[in-house]
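Asker: Predicted structure and sequence below. I'll ask about it afterward.
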Amino acid sequence: MLADARGHDDRVPDATRRPTTAPARLPTAMVDAVARELQRRAPTRREAARTLLEHLTEPKSNVVFVAPHAPLGLARFSLAVARRGVRLDLRSRMLFDGADIAINGELAPAARTLRPLLRRLANDGRLDAGAWAAPAGADRAALLELLHDWYRAGWLHLAAL
């Protein structure tokens, strides 16, 4: 994650190419090389936060999201959201830090104007129908597309009437 942010190759150098009698032991030279590299490339606060957001929201390996059997298209989803609102699936994990928002191990692209709504979704686990009056135009369309993607993945659902 941190290497990705800076465009670095994340492969660990193999400083020990000699045969060993303890193949399961982590080679000291490899640990030393990685420690030197980490010291050389100390992450910024934002890189550290983004790494934590991705890591802490990553679902456990046994978590399976169930996509809707017959998902609504974007237009019908938009109408349903305006009438019912949405709620996060109970298995979804969503966190934020400053401008960055992550859900289920992925950073979510969000315009500045949409971040308050997404933070509310993260904090409350739901957005009521009344929340949809705030965003307008391109912001509203971008938010609906993002939420529609999450809906189709099973990460969130339409709220009950």
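Answerer: Received the coordinates, thanks.
Asker: where along the protein do the strands fall?
Answerer: For the chain, strands defined by DSSP state E occupy the ranges 86-88, 94-97, 100-103, 106-107, 126-127, 156-158.
Asker: Among the ones you listed, which comes closest to Leu117?
Answerer: Shortest separation from Leu117 across the strands of the chain is recorded for strand 126-127, at 6.4 Å, computed as C-beta to C-beta. For the C-beta atoms, the positions are set from N, CA and C on the backbone; glycine is no exception.
Asker: so what does the closest one touch, helix or strand wise?
Answerer: Under the contact definition 3 or more C-beta pairs under 8 Å, 6 or more residues apart in numbering; DSSP states H and E, strand 126-127 sits against strand 86-88, helix 115-124.
Asker: Low-confidence stretches in the protein?
Answerer: 1-18 (pLDDT under 70).
Asker: Tell me where it has helices.
Answerer: For the chain, helices defined by DSSP state H occupy the ranges 2-6, 28-40, 45-57, 74-84, 115-124, 137-153.
Asker: Domain map for this structure?
Answerer: Listed domain ranges for the chain are 2-42, 74-158 (source: automatic domain parsing).
Asker: Reformat those as CSV; add distance to Asn62 and mean neighbour count.
Answerer: Formatted as CSV, these follow (distance: least, C-beta to C-beta, whole Å; neighbours: other C-beta atoms under 10 Å):
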stretch, distance to Asn62, mean neighbour count
domain 2-42, 26, 10
domain 74-158, 10, 16
